[in-house]
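Undergrad: Sequence first, predicted model second:
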Amino acid sequence: MRVLLLGGTGNVGSRLLSALIQREHTVFAFVRDPSKLAPGVQDKLAGISIGDAKKAADIKAAVTQNRCDAIVNTAGLAAMAPWGKSDLPDIVEAVTTAALEAGQERGSPLRVWYLGGQSILDIPTKKCMIMD
């Protein structure tokens, strides 16, 4: 499977990145800073896309250019007061929008997984469109 992994430099993402590579998936890392990837990982990746996980256009471009079948998101922090505002709602919105638009353009849906902390519990109800 061709997988776009967001957050591959973080705690959960770096572990998942290794597991995906071990299982011989074709992995494309979507990161802000490629220098934060674990040593020796870059040469095992099919590609690296640099972008902002809060921008649907950046994610969609990476999915489209790399012909990805799936998106796995491990990016974002579920920061709660007093630590600050969580960026997860913006990331989930961007990933969902990118997946829907890319799926509509190619005529088949993408698989999407959201991992890490309590991320999905922190997101207000969002309507998602299911493609047949």
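TA: Received, thanks.

Undergrad: where in the chain is pLDDT low?
TA: 78-84, 116-132 (pLDDT under 70).

Undergrad: all helices for it, in order.
TA: Using DSSP state H, the helices of the chain run over 11-22, 56-66, 88-106.

Undergrad: Any figure for the gap between the nearest residue in space to residue 31 that is not next to it in sequence and residue 50?
TA: With Cβ to Cβ, 6 or more residues apart in numbering as the criterion, residue 31 has its nearest non-adjacent residue at 5.6 Å, and that residue is residue 9. (Glycine included, C-beta is placed from N, CA and C.) Counting by Cβ to Cβ, to the nearest Å, the gap between residue 9 and residue 50 amounts to 12 Å.

Undergrad: Which one of those two is surrounded by more residues?
TA: Shown here are residue 9 and residue 50; by other Cβ atoms under 10 Å, residue 9 has more neighbours (20 against 12).

Undergrad: Which residues are in contact with that one?
TA: 29, 31, 33, 36, 37, 38 (Cβ atoms under 8 Å, 6 or more residues apart in numbering).

Undergrad: same question, residue 58
TA: Per Cβ under 8 Å, 6+ apart, neighbours of residue 58: 30, 49, 51, 52, 94.

Undergrad: who wins for neighbours among those residues?
TA: residue 30 (29 neighbours).

Undergrad: thinking it is in contact with residue 51, fair?
TA: Yes: applying Cβ atoms under 8 Å as the test, residue 30 and residue 51 come out as touching, 6.0 Å apart.

Undergrad: any common contacting residues for those two?
TA: Common neighbours of residue 30 and residue 51 (Cβ under 8 Å, 6+ apart) are 58, 59, 62.

Undergrad: Redo those as a markdown table? Include distance to residue 14.
TA: Below are the shared contacts of residue 30 and residue 51 laid out as a markdown table (distance: Cβ to Cβ, whole Å):
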| residue | distance to residue 14 |
| --- | --- |
| 58 | 21 |
| 59 | 19 |
| 62 | 18 |
